[in-house]
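> predicted model and sequence follow; I will ask about them next.
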Amino acid sequence: MEIQQSLGYLLNTSARLIKRRLDMHLKSYGITTAQWAVLKLLSLEDHLSQAEIAEKTNADRATCGAVIDKLISKGLLQKELFENDRRSYRVKILPPAVTIVDKVTLLAENVNGSAVQGLTDTEISQFAKCLNTIISNLGGGIDELDS
């Protein structure tokens, strides 16, 4: 099989192209796709810990922490200490970020729509189901490889 027909190659290439297209739109808002993922998550589930954000965005804690710090420096997020544990904090989305999320959500939907143009709703649903199965199959695989 040629590399261009490999499932991993096809998934990686399509993901990179979607990310690149979204990055073009996000540039005018001064955010990256990683920052967008955190903002979108917090717009749906505010007041999460860094660990919860990392888990829900499938990122490692250090990278997630850097993204959060960058968004705080941009005035889009704020950290609040837990009342019962002064060593831990929750991350809160601020009004300027909500405005960005409202505008960028439509752009992200348009990019996704462009990506699946020509596919039927049934094909899109089946494709999403297949991708979720792959993610489920391999989601814990990194730690398992070290064993």
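Received, thanks. On a predicted model such as this, the values are computed, not experimentally measured, just so you know.

> three-state assignment of Ile31?
Per DSSP: H, G, I helix; E, B strand; the rest coil, the local secondary structure of Ile31 is coil.

> wait, it touches Ile100, no?
Yes. Look at Ile31 against Ile100 with Cβ atoms under 8 Å: they come within range, at 6.9 Å. Just so you know, the C-beta spots here come from the backbone N, C-alpha and C atoms, and that holds for glycine as well.

> wasn't Lys79 part of a helix?
No. Counting by three-state DSSP, Lys79 is not found in a helix; it is strand.

> okay, now it: neighbour count?
14 (other Cβ atoms under 10 Å).

> restricting to C-alpha, output the strand or helix carrying Glu123 in PDB.
Assigned by DSSP states H and E, Glu123 belongs to helix 121-138. The C-alpha trace of helix 121-138 is given here as PDB (Å, rounded to 0.1, in the frame of the first residue of the first chain):
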ATOM      1  CA  ASP A 121     -25.600  13.600   6.100                       C
ATOM      2  CA  THR A 122     -25.500   9.800   6.400                       C
ATOM      3  CA  GLU A 123     -21.900   9.700   5.200                       C
ATOM      4  CA  ILE A 124     -20.900  12.400   7.700                       C
ATOM      5  CA  SER A 125     -22.600  10.600  10.500                       C
ATOM      6  CA  GLN A 126     -21.000   7.300   9.600                       C
ATOM      7  CA  PHE A 127     -17.600   9.100   9.300                       C
ATOM      8  CA  ALA A 128     -18.000  10.700  12.700                       C
ATOM      9  CA  LYS A 129     -18.900   7.300  14.200                       C
ATOM     10  CA  CYS A 130     -15.800   5.700  12.600                       C
ATOM     11  CA  LEU A 131     -13.500   8.500  13.900                       C
ATOM     12  CA  ASN A 132     -15.000   8.200  17.400                       C
ATOM     13  CA  THR A 133     -14.300   4.400  17.300                       C
ATOM     14  CA  ILE A 134     -10.700   5.100  16.300                       C
ATOM     15  CA  ILE A 135     -10.300   7.600  19.100                       C
ATOM     16  CA  SER A 136     -11.900   5.200  21.600                       C
ATOM     17  CA  ASN A 137      -9.600   2.400  20.400                       C
ATOM     18  CA  LEU A 138      -6.500   4.400  20.700                       C
END
